[in-house]
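1. generate coordinates for the sequence data below:
(one chain, ligands or ions: 1)
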Amino acid sequence: MGQGAPAPDCRSFTQAAVSDWRGGRWLATTSDATRKRMQLTMAKITYVEHNGAEHVVEVANGLTVMEGARDNNIPGIEADCGGACACSTCHVYVDAGWVEKLPAKDDMEEDMLDFAYEPDPARSRLTCQIKVTDDLNGLVVHMPEKQI
Ligand code: FES
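-> Residues are numbered from 1 along each chain as shown. Below is the predicted model of the structure:
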């Protein structure tokens, strides 16, 4: 390693990601583009309960729409299987304007929706199968009357 103090044994993720250890001191070596990529971006998602109550929350990219509801204690999405696409209790009706903007359902989600309460062939989705990205900013989902 050469001169200076030895590199620390333990670095926080942030330090390790944006800096480099050279000659006993941290050097900022990360480009603006990399820093921007590392920022946790959020999408605003509106969850509408069956009774009309709206919950507008910011959900971090990388989480699922189900996890956004769970982490914000939003009622109406039970997610009994924890996101394994094995229960259908995270069922919602996607707002009509968003149906075409979401990634298509895969076969497993399509099959599991058969077990959901009053599924709508066009608008029903399992929120555990929808990953949050910047493209979902403004998404609106409506909860069914009940989850089964
Ligand atoms: S949480 Fe079980 S299918 Fe989505």
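2. how much space between the residue sitting nearest the centre point of the chain and the ligand?
-> Residue closest to the mean C-alpha point of the chain, counted by Cα atoms, centre = their mean, is residue 63 at 2.2 Å. From residue 63 over to the ligand the distance is 13 Å, taken as Cβ to the nearest ligand atom, to the nearest Å. Just so you know, the C-beta spots here come from the backbone N, C-alpha and C atoms, and that holds for glycine as well.
3. spit out the contact partners of that residue.
-> Residues near residue 63 by Cβ atoms under 8 Å, 6 or more residues apart in numbering: 71, 131-132.
4. now with 10 Å, please.
-> Shown in contact with residue 63 (Cβ atoms under 10 Å, 6 or more residues apart in numbering): 42-43, 45, 69-71, 83, 130-132.
5. cool, residue 147 as well?
-> 76-80, 87-92, 116-117.
6. residue 71: neighbour count?
-> As a burial measure, residue 71 scores 12 neighbours (other Cβ atoms under 10 Å).
7. I meant to write residue 136 there.
-> The burial count for residue 136: 20, using other Cβ under 10 Å.
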